[in-house]
Every structure is written in structure tokens, then in C-alpha cells.
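Undergrad: Build me a structure from this.
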Amino acid sequence: MEMVYREKLMADAWKWGAELFASRIRLLEKEYAKTERRKEMVDVFATLFRQWSKQTEAEAASVGVCYLYSDIQMRTGELRLTLYGKELYMDENQEELTWNPSCFFQMYEEDMDLIIERLEKEHPRIHQYEKDAVRYQYAEYYYAAIEALCRDMLDEIKNCEEYRLLKRTDDFFFFFGRWRGEAERLESGYGYV
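TA: Numbering: from 1, shown residues only. Predicted coordinates:
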């Protein structure tokens with residue numbers, strides 16, 4: 001009985017989340033078509049590249065855009081931007097900063113309020129751990145949108161002066177994923193990394 005209830009709850013959350021996000025993604029696309037939003041994002045990466053250049057003479061090998069589920073739980077919406085040396089996580093040369101992409105997590109929290117409100121009407125006695133499960137599930141939509149945005153912005157990031165001045169390996173790459181977990185290599189719209 002409990003499993004059937006939980007499966008129905010998560011299925012409803014998934015269905016309603018998909019419907020809601022379909023309209024939200026259009027608003028995010030409009031927001032990130034604005035010059036000032038794109039510049040904000042490039043500036044965050046430029047700051048990271050500048051920090052690396054001030055801290056070390058070593059070559060940078062990759063930059064990760066990573067999320068932690070705890071940031072969903074804590075409602076911060078922060079992502080970690082980390083520039084790594086050749087040994088990735090084990091390299092002594094690392095630079096990190098947190099990034100909270102404008103609009104994304106404000107919209108996410110608004111969406112969560114709507115989804116939870118609807119779930120509470122449909123599913124009496126919803127528990128906090130079930131709400132948390134819904135939060136993690138719905139966050140996947142927003143993480144996928146941020147990954148797509150990073151891929152879209154890659155050429156602009158690579159055109160900033162700080163990136164051009166950054167000492168980097170020949171096989172330098174960008175990736176997006178879970179903090180110290182699974183990640184996908186990002187490629188620009190033109191197919192190069």
C-alpha cells in the first residue's frame with residue numbers, strides 16, 4: 001500500500017513538473033537571451049580564470065560546473081565552478097567559486113511551491129521526506145537547463161580575455177555534473193571542446 005502511494009505521488013509530481021517546466025524553460029530562454037545575463041555568466045567564468053592565473057603557474061586542464069544535492073536541500077541553488085590541474089580531483093592546483101545562476105533557482109522554488117501545494121491537495125499526509133524526494137526529482141529539469149545554457153555559452157566564455165590568457169593543457173575541457181560524481185563533457189554548438 002505504502003509503495004503504491006509513493007509511486008503515485010512521484011508519478012504525479014513528475015507529470016505536473018513536466019507540464020510546469022515546459023512553460024518555465026521558455027521564460028529562462030528569454031531571460032538568457034538578454035545581453036546582461038550572458039555577460040553576467042561570462043564574468044563568473046572570467047573571475048575563476050583570473051583567480052587561477054594569480055594563484056599558480058601550472059596549466060589548467062579542465063573546468064567543472066557541478067551541483068550538490070545538499071544545495072537543493074538547503075535551498076541555496078549554488079553550483080560549484082572548479083578549475084582543475086592535470087590530476088583533476090587529486091591535483092594540488094584547484095580554484096573554486098560558487099555560482100548561483102540568475103533566475104534559475106528563484107523559478108525553481110516558485111515551481112516547487114506550486115507542485116507541493118498541488119500534491120498536498122491530491123495526496124493527504126505527505127511527509128517531509130517525500131517532499132524532499134520531489135525536490136530532488138524536479139531539480140533534474142533545472143540542472144539539464146543549466147547544462148544546456150553552459151553548452152550554449154561555451155563559445156562566449158572561450159572568447160573572454162581571461163580564458164585566452166589562461167595557461168591550459170592542449171586537451172583542456174569543460175564538464176557539467178554532480179560534484180565529484182558523474183559528469184558530461186561539454187561541447188560547444190560547433191562540436192569542438
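
Undergrad: Give me the below-cutoff pLDDT ranges for this protein.
TA: 1-3, 88-89, 91, 188-193 (pLDDT under 70).

Undergrad: Let me see the ranges of the strands in it.
TA: 60-67, 79-84, 94-99, 168-178, 183-186 (DSSP state E).

Undergrad: Export the ones you listed as CSV, with columns for mean neighbour count and distance to Val42.
TA: Every C-beta, even on glycine, is put in place using the N, C-alpha and C of the backbone. Output for those, formatted as CSV (neighbours: other C-beta atoms under 10 Å; distance: least, C-beta to C-beta, whole Å):
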stretch, mean neighbour count, distance to Val42
strand 60-67, 22, 13
strand 79-84, 21, 12
strand 94-99, 16, 12
strand 168-178, 16, 13
strand 183-186, 15, 15
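
Undergrad: which one of those strands lies closest to Glu31?
TA: For Glu31, the closest of the strands of the chain is strand 94-99, at 15.7 Å, according to C-beta to C-beta.

Undergrad: and the angle for that closest one with strand 79-84?
TA: 160 degrees (axes from the mean of the first three to the mean of the last three C-alpha atoms, to 10 degrees).

Undergrad: who's in contact with strand 94-99?
TA: 44, 47-48, 51-52, 55, 65, 78-85 (C-beta atoms under 8 Å, 6 or more residues apart in numbering).

Undergrad: let's see it at 7 Å
TA: Here strand 94-99 makes contact (C-beta atoms under 7 Å, 6 or more residues apart in numbering) with 44, 47-48, 51-52, 55, 78-85.

Undergrad: ok, now stretch 131-149?
TA: Taking C-beta under 7 Å, 6+ apart as the rule, stretch 131-149 contacts 10, 13-14, 17, 21, 25, 28, 32, 67, 69, 72-73, 101, 104, 108, 111-112, 115-116, 119, 176.

Undergrad: And the helices in the protein?
TA: Taking DSSP state H, the helices of the chain run over residues 2-31, 35-55, 69-73, 104-122, 128-158, 161-165.

Undergrad: Off-centre distance for the third one?
TA: Just to be clear, that refers to helix 69-73. For helix 69-73, the separation from the chain centroid amounts to 12 Å (computed by C-alpha atoms, centre = their mean, to the nearest Å).

Undergrad: Which residues outside it are in contact with it?
TA: Looking at what lies outside helix 69-73 - C-beta under 7 Å, 6+ apart - the contacts are 77-78, 132, 135-136, 139.

Undergrad: Could you rerun that using 8 Å?
TA: Outside helix 69-73, the residues that reach it (C-beta under 8 Å, 6+ apart) are 77-79, 132, 135-136, 139, 178.

Undergrad: what two of the residues you listed are the furthest from one another?
TA: It's Leu79 and Asp132 that sit farthest apart of those, by C-beta to C-beta, at 19.5 Å.
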